[in-house]
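# model the structure of this input:
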Amino acid sequence: MKKTTVKKNNKGAAMILTIVIMTVLIIFIFSLILVSYNLYASQNKNLSSTRNSEAVNSLSNSIMAEITDDDAMGKSNLYRYLRTNLAYNPGSDSDWKDWPYYDENSLSGQHTKEAAFRYFTLESNSSIEGLPAQTTVCMYWTIPQEVAADTFYENIKNGASPKGIMLHVIISAQTASQYYETEDVYKLLVRNSAPEEEVLIGNAFNDTWANPANHTCEASDKGEKWIWKYVSKH
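So this is what the prediction gives:
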């Protein structure tokens, strides 16, 4: 009887030991799976963040090269769009403020973010691996600090140059929860146009994509060549 009891006790102890070992192994395996998942998720986040920043900085450089090119009027649709829509002086009160300037102190009306910010969403191309899920360009402009807000449009109407305007270009990219943004600032310089540049300016105003509001090209418009000078990045 004693030998049988000892054998049964040994079998019971072995069973318990087996269960304990299996439990430890299962916990260990699940721990490895959890660690692997966390490493995979972290790697994906880092990869998405890197792709977002690379896409934003690449687009930032492309826009800068495009609108600061000395021959931009003849090459760039974006430059022509800016040229025919910012601080526009149509010679009447009808549509001066199609694209109003932004005033951070404006709480309502036409100089708030809602009215002054222009958004351009780039279509994603799923066939190209590694591109962010969504890339957006936001642009707004502000009047020169030395110019009073209540006289800016009147000055333009009377032939004043829009030099000193600040153009802000915010570029952002998002993939899942990862987001990256940068803001470039440009200052408008103005000089007299050459005869061939006057022709290009006139053509820009006749371009329905660049000039969707069908603004009229005045003689003062043709006489001004706009030069965007890169100022800073935020």
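# and the average pLDDT for stretch 164-178 is what?
Computed over stretch 164-178, the mean pLDDT rounds to 90.
# ok, and for that stretch, which residues are buried?
165-175, 178 (16 or more other CB atoms under 10 Å). Every residue, glycine included, has its C-beta placed from N, CA and C.
# which of these fall within strands?
166-175, 178 (DSSP state E).
# contacts only, for the residue nearest the centre of the chain.
Central residue of the chain (CA atoms, centre = their mean): I171, 1.6 Å from the mean position. With contacts defined as CB atoms under 8 Å, 6 or more residues apart in numbering, I171 is in contact with 56, 59-60, 63, 135-138, 181-184.
# which of those residues are buried?
Neighbour counting with 16+ other CB under 10 Å marks 56, 59-60, 63, 135-138, 182, 184 as buried within the contacts of I171.
# between the residues you listed, which is nearest E224?
Distance to E224 across these (CB to CB) is lowest for I63, with 21.7 Å.
# nearest residue to the closest one in space, please, no chain neighbours.
V169 (6.0 Å; CB to CB, 6 or more residues apart in numbering).
# want to try JSON lines for the ones in strands among the buried residues of stretch 164-178, with distance to A219 as columns?
Formatted as JSON lines, those follow (distance: CB to CB, whole Å):
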{"residue": "M166", "distance to A219": "26"}
{"residue": "L167", "distance to A219": "24"}
{"residue": "H168", "distance to A219": "30"}
{"residue": "V169", "distance to A219": "30"}
{"residue": "I170", "distance to A219": "34"}
{"residue": "I171", "distance to A219": "36"}
{"residue": "S172", "distance to A219": "40"}
{"residue": "A173", "distance to A219": "42"}
{"residue": "Q174", "distance to A219": "45"}
{"residue": "T175", "distance to A219": "49"}
{"residue": "Q178", "distance to A219": "50"}
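# can you tell me which of those is nearest V147?
Nearest member of those to V147, counting by CB to CB, is M166, at 11.3 Å.
# wait, doesn't that closest one sit right on T142?
Yes: judged on CB atoms under 8 Å, M166 makes contact with T142 at a distance of 4.7 Å.
# list the residues that contact E54.
Taking CB under 8 Å, 6+ apart, we find E54 in contact with no residue.
# tell me the pLDDT of it.
On the pLDDT scale, E54 is placed at 86.
# now the phi/psi pair for it, please.
phi -70, psi -40 (degrees, to the nearest 10).
# equivalent analysis for A148, please.
Dihedral angles for A148 - degrees, to the nearest 10 - are phi -70, psi 140.
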